[in-house]
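In: When you get a sec, could you give me coordinates for this:
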Amino acid sequence: MKKNLKKLFAIIMTVAVVLSMAMPALAAENNKEKGTRTVAPITDKDAKGTLVINEGTSSGRTYTIYPVYTADIEGEDNTYTWNPVKDWQTKLPPAEELIGYTAEQMKDLAQSLASEDSKPKATKTGVNGTVEDLSLGYYLVVDDDNSETLEKSQPILVAIPQAFNGEWKYEIAITPKSSSTSFNKKIKEGTSLVDTNTKNIGEYVEYRLWADIPTYDKSVYSDETKILKFQITDNLSTQLTWDDNNQLKVYVIDSPATDEAVANASSPIAEGGNYTLTVSAAPTAGGSFTVAFTKEFMKENKGKVVVISFQAQLNNDAVIGETQDGKDNVIDGYEGVLDGNTDTNYNGKGNPNAAKLEYSNSFYGSDDVETIEDDVTTFTFDIDVHKVDKETGINLKDAEFTVYKTLDGAKEGRADDVYKNTLFTDGVLKTDANGIATAPGLNKGTYYLKETKAPAGYKVFDGVIEVTIDATIGDDGTCTYSYTVKMGEDGTSASKLEEVKVEDEEGTTLPGTGGIGTTIFTFGGLALIVL
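Out: As a prediction, the model looks like this:
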């Protein structure tokens, strides 16, 4: 018996080393006569065990515990005998072989059992922290958490009790290995990263996408048969155009990723062995791209953060305000942000851009893929000018206005200050039969309107019309906007309007100072003096 115990403790010390690697193995001696696994004699027939699941890198996760072997008391010397549970008898190796298993073999066995569709009835479900009053035996601990922000930790085989320093220990602690990952998408606006911004049609929106690179078991990187997926896909709404000016670049920065580090990422990495880029044909309204990272890149940069930057142009089909009749600003196949991401879902509001991260959520790599989504949006606005008869209120057509960026530009009519937009030529607006002219696709801010041509039989409005677009974007993604209007330099301001009403009077506008009319009168007077 002493000889057997000596061999037993030698095995136990080996197991202790394995345990320090977070891969417990069975501490026992083989009983070839019974074909089972036995442990040293005990004195407490009613002993229970405790399992402590340390959080480690798996903070907040929950686990299911399955029985693998039962520790049954047999014989006059009260010996623990390890017997495989009924449902897994054909799944387990012969008992005499298990003693010689390496940590790698135990890991593979745990992974194999965890992947079985048919499992024994669980001992405990949805547990974390300390689990008390466990019957003695051998257990499989499986991550059952469905959080999208952490890959699933590796399954663990753990025996209760185990021997340490010549004594049986009935409270066993394990630390599941996992790696956290997160995904974010923002708009770079100046030096800040934001969820929403405002732009003129024709301008480019600059985006930032970033994700934590998970850490996997070392075997995943070297084994070609093990699948490892880590890729980012971006889908633009049809109001945004992917073209040759997108300037897509990929960077790697240290973790944790601050907004400043993401915004100022430098030294882009080359495609080649780091990633492959698949892009929709350019230019494309509503285009998309996918960046798929290689195993080599993942191994080299595990624990770091990958950043993608690119631009897209707000095109002529841009939705004005939050939504617009006749225009679809919903991105097909995008379901909105998932639990765990607190950002507002902007899909269906403004001019959205959605992206997703797809990654293998198993510590050992697999085609079991988790997805995290995020989205942002860009808003643009318009100014409606309503031309009417001052006395009767009748709508007037064929009045023409020009939109300027500056007050001086409006006063002097400088061509270089004309607000030019791809939706109307040189900033010239012409009223329709309803007296309406629309300047679409404008950023929030102040603009200056000048009537350059009045309808037949009417005077041109004398003065510059100052229009300020005010926009409010709520935390829920809703957007409202209105105008503050000042009619002429000395005119009063009217706030929160839905249109800019311009009233014209009947009559003829006299030529201004320096015009041809002045020249005619001057030469006429000189002629009279000569006579």
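In: contacts and neighbour counts: CA atoms only from here.
Out: Fine.
In: The closest residue to Val279 other than its chain neighbours and Ser309, how far apart?
Out: Leaving aside its sequence neighbours, Val279 sits nearest to Phe289 (CA to CA, 6 or more residues apart in numbering; 4.3 Å). Between Phe289 and Ser309 the distance is 12 Å, computed by CA to CA, to the nearest Å.
In: repeat for Gly488
Out: 44 Å.
In: where's Leu209, which helix or strand?
Out: If you go by DSSP states H and E, Leu209 is part of strand 204-212.
In: so where do the helices sit in the protein?
Out: For the chain, the helices defined by DSSP state H occupy 2-19, 95-98, 103-114, 218-222, 259-263, 295-301, 407-412, 516-530.
In: and the fifth one, what does it pack onto?
Out: If I follow you right, that is helix 259-263. If you count contacts as 3 or more CA pairs under 8 Å, 6 or more residues apart in numbering; DSSP states H and E, helix 259-263 packs onto strand 192-194, strand 204-212.
In: now swap in the fourth one and tell me
Out: Counting by 3+ CA pairs under 8 Å, 6+ apart, the packing neighbours recorded for helix 218-222 are helix 295-301.
In: returning to that earlier point: what about the residue nearest to Val279, neighbour count?
Out: As a burial measure, Phe289 scores 18 neighbours (other CA atoms under 10 Å).
In: wait, what's in contact with it?
Out: Contacts for Phe289 (CA atoms under 8 Å, 6 or more residues apart in numbering) come out as Thr233, Asp234, Asn235, Leu277, Thr278, Val279, Ser280.
In: Contacts only, for the closest residue to the third one other than its chain neighbours.
Out: Same thing as Asn235. Among residues not flanking Asn235 along the chain, Ser288 sits closest, at 4.6 Å (CA to CA, 6+ apart). For Ser288, the contact set (CA under 8 Å, 6+ apart) comprises Thr233, Asp234, Asn235, Leu236, Trp242, Val279, Ser280.
In: Touching, the second one and Pro352? I think so.
Out: It stands for Asp234. No - Asp234 sits out of contact with Pro352 when judged by CA atoms under 8 Å, with a separation of 11.0 Å.
In: Compare these two (neighbour count), which wins?
Out: Each of Asp234 and Pro352 has its neighbours counted (other CA under 10 Å); Pro352 has more, 26 against 20.
In: beta partners for that one?
Out: Beta-bridge pairing for Pro352 (DSSP bridges): Thr377.
In: now swap in Glu167 and tell me
Out: In beta-bridge terms (that is, DSSP bridges), Glu167 pairs with Phe164.
In: what about it, neighbour count?
Out: 10.
In: For the remainder of this discussion, apply numbering that starts at 54.
Out: Done: numbering now begins at 54, and the last item shifts to Glu220.
In: Read off the pLDDT value for it.
Out: pLDDT, Glu220: 73.
In: Ala78 too?
Out: Ala78 is assigned 32 on the pLDDT scale.
In: buried residues in stretch 288-307?
Out: Of the residues in stretch 288-307, 288-296, 299, 301-306 count as buried by neighbour count, 16 or more other CA atoms under 10 Å.
In: again with stretch 481-493
Out: For stretch 481-493, a neighbour-count test (16+ other CA under 10 Å) marks Val481, Leu482, Lys483, Thr484, Asp485, Gly488, Ile489, Ala490, Thr491, Ala492, Pro493 as buried.
In: State the distance from the closest residue to the last one other than its chain neighbours to Thr533.
Out: With CA to CA, 6+ apart as the measure, Asp435 is the residue that lies nearest to Pro493, at 4.2 Å, once sequence neighbours are left out. Computed with CA to CA, the distance linking Asp435 and Thr533 is 12 Å.
In: circling back: between Gly541 and Ser362, tell me which one has more neighbours.
Out: Just comparing Gly541 and Ser362: by other CA under 10 Å the higher neighbour count belongs to Ser362, 23 against 16.
In: Who does the more buried one form a beta bridge with?
Out: Counting by DSSP bridges, Ser362 forms beta bridges with Arg261, Lys302.
In: Show the contacting residues for it.
Out: Glu259, Tyr260, Arg261, Leu262, Gln300, Leu301, Lys302, Val303.
In: can you map out the strands along the stretch 54-203 of the chain?
Out: Here the stretch 54-203 of the chain has its strands, by DSSP state E, counting those that start in this stretch, at 82-84, 89-94, 102-106, 116-127, 132-137, 177-180, 182-187, 190-196.
In: so what pLDDT did the nearest residue to Lys409 once chain neighbours are set aside get?
Out: Distances taken as CA to CA, 6+ apart place Glu426 nearest to Lys409, at 4.2 Å, with adjacent residues excluded. For Glu426, the pLDDT comes out at 90.
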